[in-house]
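[1] Just need the structure, nothing else, for what follows:
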Amino acid sequence: MTQRALDPSGDEPNGSHGPPGNGRPVTIDAGSELDPVHPVELPERTPAAGGGGLTAAEVAERIARGEVNDVPVRSSRSVTEIVRANVLTRFNLIIGVLWVIMLCVAPIQDSLFGFVIIANTGIGIVQEWRAKKTLDGLAVVGEAKPTVRRDGVAAEISTSEIVLGDLVELGPGDKVVVDGTVAEADSLEIDESLLTGEADPVLKRAGDPVMSGSFVVAGGGAFAATKVGREAYAAQLAEEASRFTLVQSELRSGISTILKYVTWMMIPTALGLIISQLVVKDNNFKESVARTVGGIVPMIPEGLVLLTSVAFAIGVVRLGRKQCLVQELPAIEGLARVDVVCLDKTGTLTEGGMDVTEVRALNGTDDAYLGRVLGALGASDPRPNASLQAIIDAYPPPDGKGWHVTQALPFSSARKYSGAAFDEGDGQASSWLLGAPDVLLPEEDPALAEIEQLNQQGLRVLLLARTEGALDDPGTAAGAVPSALIVVEQRLRPDAGETLAYFADQRVATKVISGDNAVSVGAVAAKLGLPGAEHTLDARKLPTDPDAMATAMEENAVFGRVTPQQKREMVAALQSRGHTVAMTGDGVNDVLALKDADIGVSMGSGSEATRAVAQIVLLNNSFATLPSVVAEGRRVIGNITRVATLFLTKTVYSVLLAVLVVCFQVEYPFLPRHLTLLSTLTIGIPAFFLALAPNKERAHPHFVRRVMRYAIPSGTIAAVATFVTYLIARHHYAGSGALDAETSAATLTLFLVSMWVLAIIARPYTWWRICLVAAMGLAFLVVLVVPWLQDFFALKLVGTTMPWTAVGIAVIASVALEYAWRLVSRRFPV
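    So this is what the prediction gives:
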């Protein structure tokens, strides 16, 4: 008969488990603030008929009938969706139509912009396909493997292999993957809050229904699958939740907002330009069409969406190499905005394994007898967690007959202790409690001073106490007689200190939240160099008022004896003060806090339920991977903000140039080939490198405002300077080649001003950024001096007066740019 003794320390190491008796650690928790759960006596358990599960023949028969859990689980978009999303866009349609027109009326060099779009789209498809392969591969690694009993043998299988009628075993932290009916129950408590919103777990008995999407918080058992595939209650929700969700982010929504405004500006401006160039001006028709298209194409920031997608996709691939599964891509961006990280000590700062270093007998209890009691407690649980596994390693089960478990009291984070009653044989019986000393002992007990000294060393201390009362009596702890202190040493993660130092250096506040004793947790945190580790607070003294709680959260760094419900409240309190909160955890009592946090991070060895609600899963169980995720997010946000300014500066000056051309009734100064060259050298190539460069600056909100506050003055200055040069050139040149000479002078000014915008965006300078800017300038110089490139791009500077005038205007514009950027930074801070 199976029973479970639970982590009595108030915290949980992880939620992994396997078939009964495999000895791997598990997480068991009540999931919220609860009244004590009544113990369930073993004789009351009612196993289901057919407890051995389906036979191989029955499984084959159900597969043949199609009664298989075949719900497709996708962590990313399909290849078809990727191609469609990159090809079928509003701006691709506009550019495609303009490209076809240009192929009909102008030389091939005026149609180069179309080939650039094809190349960009191809790059976007390839990069997102690489990201899809990475995501799908990691999703298989991190997939939940439910334990199914067939032919009397329990084995882990893929969720998609479950058939109707399968007997699926459940343990603490397991997610219910299909709908079913409980067949076996040992104090089985299931949390259905993700489906129903009800926070309190439900005690399930044989015959009760269970719904897919719920998860086990305590106890164990098995259920028979009654609905599989798309018929399961949460199948559609689960499928939808696992989809590629790139669009749901501030970055993407901000870019969509910008593109919407660009479209509104572009339509009337383009219509005015068409009328101006084709109707009002009596020029060569093909030449007028080419210049009209040349004015419309640069208004479209086509590469901005591409670079955002590519930056996200490359981020996924980079993190995938570090065994980090990003279940929702905006999480990369979100973690970069985080300014508070809440850590669950066990499994994050410490490793899952523990060691019993000392057992101190109290009140004259015999050491040999203590060993038998501890051995019996350990043997009573087929799925021991880290604390109990340490006791099992130190104390084998008692030899001979006797020591049968007759009753068990499940552990809950609200109580902070568990209990078990034994028939010792020879007519002897005893009941024991194992849990937190500061909960089981009265405040004046002299043993607490001794325990405090151990806690200050970072040691975990459990109290074994004998009780004569019924285990379900709320006052049973008050009458318990202390028998021993079990001192357990936790193994610190070797990389945890470096990770905490990284967050401190990045000005990200770290809060350690644990169910353990606050002093003990503070000592562990101090060993790892956590700033503020001396500021500890027992969560039982935490104020219930949200504002007062938020103040306490900001003033302290370490919190002990925290219940699952308090974890949720702590996250909400920090968010109420405007903080962006990330929560890490691996146990089932972290699920609701992970769900409420802005970003939830789970360890790969965590419970199935924890992994299901987390946006980021660290499959290598290494807390040290988090800085890589933060750095990747900062790279994406910081760099996309940079390059967005480049793209939108071009949009602004293109719209304004078109407006000025319409107002002054002159020919548009550029052919498509000119702006293709300028866009490639001052935006396209530099933006690609800048978007993928490292960027450690913490992400800031208000993406649209941050971009537009620089793009509007930069684009305005560029447009005015270019148009002034163009008007001066129109008065300077005369004759048949005048328009080409005027275009070349205007192109020179616009290039130099755009280069200065690029030089500002590229700051702070590094050797490769200087080389990048210099290379773009050199490339333009090559076009100006190589004869066949002059002919290809129709760029030839005539004389010396006008070219130097163009340079002089560009210098004045660059000075104005510097002044405008500094003024904007002071007057319109974000």
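[2] so who does Leu319 touch?
    Residues near Leu319 by CB atoms under 8 Å, 6 or more residues apart in numbering: 326, 332, 625, 628-629, 632. C-betas here are computed from N, CA, C, even on glycine.
[3] now Val488, what's its secondary structure?
    What DSSP: H, G, I helix; E, B strand; the rest coil gives for Val488 is strand.
[4] pretty sure it is touching Arg460, no?
    Yes: using CB atoms under 8 Å, Val488 is in contact with Arg460, at 4.4 Å.
[5] Give me the more crowded residue out of these two.
    Arg460 (29 against 20; other CB atoms under 10 Å).
[6] tell me the pLDDT at the more buried one?
    Residue-level confidence at Arg460 comes out at 82, pLDDT.
[7] And for Gly114?
    Gly114 is assigned 79 on the pLDDT scale.
[8] tell me the phi and psi of it?
    phi -70, psi -40 (degrees, to the nearest 10).
[9] Pull up the gap between it and Arg291, please.
    17 Å (CB to CB, to the nearest Å).
[10] For these two, indicate the residue with more neighbours.
    Using other CB under 10 Å as the criterion, Gly114 and Arg291 rank with Arg291 on top: 28 against 20.
[11] Looks like the more buried one contacts Val666 (just checking).
    No: using CB under 8 Å, Arg291 makes no contact with Val666, being 10.5 Å away.
[12] which residue sits closest to Phe664, ignoring its sequence neighbours?
    Leaving aside its sequence neighbours, Phe664 sits nearest to Leu727 (CB to CB, 6 or more residues apart in numbering; 7.5 Å).
[13] picking that back up, which of the contacts of Leu319 sit farthest apart?
    Greatest spatial distance among the contacts of Leu319 (CB to CB): Ile332 and Thr625, at 12.6 Å.
[14] Looking at these two, which is more packed in?
    Each of Ile332 and Thr625 has its neighbours counted (other CB under 10 Å); Ile332 has more, 29 against 21.
[15] so is that one in a helix, a strand, or just coil?
    The three-state label given to Ile332 by three-state DSSP is helix.
[16] Tell me who's in contact with it.
    Contacts of Ile332 by CB under 8 Å, 6+ apart are 312, 315-316, 319, 326, 629, 632-633, 636.
[17] Following the chain onward from the helix or strand containing Glu128, which element is next?
    Using DSSP states H and E, Glu128 sits within helix 112-141. The element immediately downstream of helix 112-141 (helix or strand, assigned by DSSP H and E) is strand 147-150.
[18] what's that following strand packed up against?
    Secondary-structure packing of strand 147-150 (3 or more CB pairs under 8 Å, 6 or more residues apart in numbering; DSSP states H and E): strand 153-156, strand 167-170.
[19] And for Trp767, the neighbour number?
    Trp767 is flanked by 7 other residues according to other CB under 10 Å.
[20] For Ala693, see how far away it is.
    12 Å.
[21] Distance of Ala746 relative to Tyr733?
    Ala746 is 11 Å from Tyr733, by CB to CB.
[22] So for these two, which residue has more residues nearby?
    Set Ala746 next to Tyr733 and count neighbours by other CB under 10 Å: Ala746 wins out with 26 against 18.
[23] Closest to Gly52 out of the contacts of Ile332?
    Of all the contacts of Ile332, Gly52 sits closest to Val326, with 40.4 Å by CB to CB.
[24] Can you name the next helix or strand after the lowest-mean-pLDDT helix or strand in the chain?
    Lowest by mean pLDDT, DSSP states H and E among the helices and strands of the chain is helix 235-241, with a mean of 47. Using DSSP H and E, the helix or strand that follows helix 235-241 in sequence is helix 250-275.
[25] tilt between the helix or strand following that next one and helix 112-141?
    Sequence order places helix 285-296 as the next helix or strand after helix 250-275, per DSSP H and E. Between the axes of helix 285-296 and helix 112-141, defined by axes from the mean of the first three to the mean of the last three CA atoms, to 10 degrees, the angle is 40 degrees.
[26] Quick one: mean pLDDT for helix 285-296?
    74.
[27] Check which helices and strands it is in contact with.
    Counting by 3+ CB pairs under 8 Å, 6+ apart, helix 285-296 packs on helix 90-105, helix 250-275, helix 626-664, helix 672-679.
[28] buried set for it?
    The neighbour-count check on helix 285-296 (16 or more other CB atoms under 10 Å) flags 287-296 as buried.
[29] same deal with stretch 356-372?
    356, 359, 362, 365, 370-372.
[30] For Leu675, the count of nearby residues, please.
    With other CB under 10 Å as criterion, Leu675 counts 23.
[31] Please disregard the earlier target; I meant Asp355.
    12.
[32] re earlier: Val782: which of the contacts of Leu319 is nearest?
    Glu632 (35.9 Å).
[33] how much space is there between the closest residue to that closest one other than its chain neighbours and Val487?
    What sits nearest to Glu632 in space, not counting adjacent residues and going by CB to CB, 6+ apart, is Gly315, at 4.5 Å. Distance of Gly315 to Val487, computed by CB to CB: 44 Å.
[34] Which residue of these two possesses the greater neighbour count?
    Neighbours were counted for Gly315 and for Val487 using other CB under 10 Å; Gly315 has more, 23 against 18.
[35] Wasn't the more buried one part of a helix?
    Yes: Gly315 forms part of a helix when assessed by three-state DSSP.
[36] My read is that it contacts Asn639, right?
    No: counting by CB under 8 Å, Gly315 does not reach Asn639; the two are 10.5 Å apart.
[37] pLDDT below threshold where in the stretch 1-150 of the chain?
    1-50, 71-77, 135, 137-144 (pLDDT under 70).
[38] Please work out which of the helices and strands packed on strand 147-150 is packed deepest.
    Most buried of those by mean neighbour count (mean count of other CB atoms under 10 Å) is strand 167-170; its value is a mean of 25.
[39] okay, it in PDB with CA atoms only?
    This file holds the C-alpha atoms of strand 167-170, laid out as PDB (Å, rounded to 0.1, in the frame of the first residue of the first chain):
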ATOM      1  CA  LEU A 167      -4.700   3.900 -16.400                       C
ATOM      2  CA  VAL A 168      -2.600   7.000 -15.800                       C
ATOM      3  CA  GLU A 169      -0.700   7.300 -12.500                       C
ATOM      4  CA  LEU A 170      -0.600  10.600 -10.700                       C
END
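[40] Show me what that strand is packed against.
    So strand 167-170, by 3+ CB pairs under 8 Å, 6+ apart, packs with strand 147-150, strand 179-191, strand 215-227.
[41] so what strands line up beside it?
    Paired with strand 167-170 in the same sheet, following DSSP bridges, are strand 147-150 (antiparallel), strand 215-227 (antiparallel).
[42] So what touches that strand?
    19-20, 48, 50-54, 146-150, 154, 162, 176-178, 180, 183, 188, 216, 220-225.
[43] 7 Å instead?
    The contact list for strand 167-170 (CB atoms under 7 Å, 6 or more residues apart in numbering) reads 19, 53, 146-149, 154, 162, 180, 183, 188, 216, 220-225.
[44] Ser825 - how many residues pack around it?
    By the criterion of other CB under 10 Å, Ser825 has 12 neighbours.
[45] three-state assignment of it?
    Classified using three-state DSSP, Ser825 is helix.
[46] For it, give its distance to Glu250.
    On the measure of CB to CB, Ser825 and Glu250 end up 21 Å apart.
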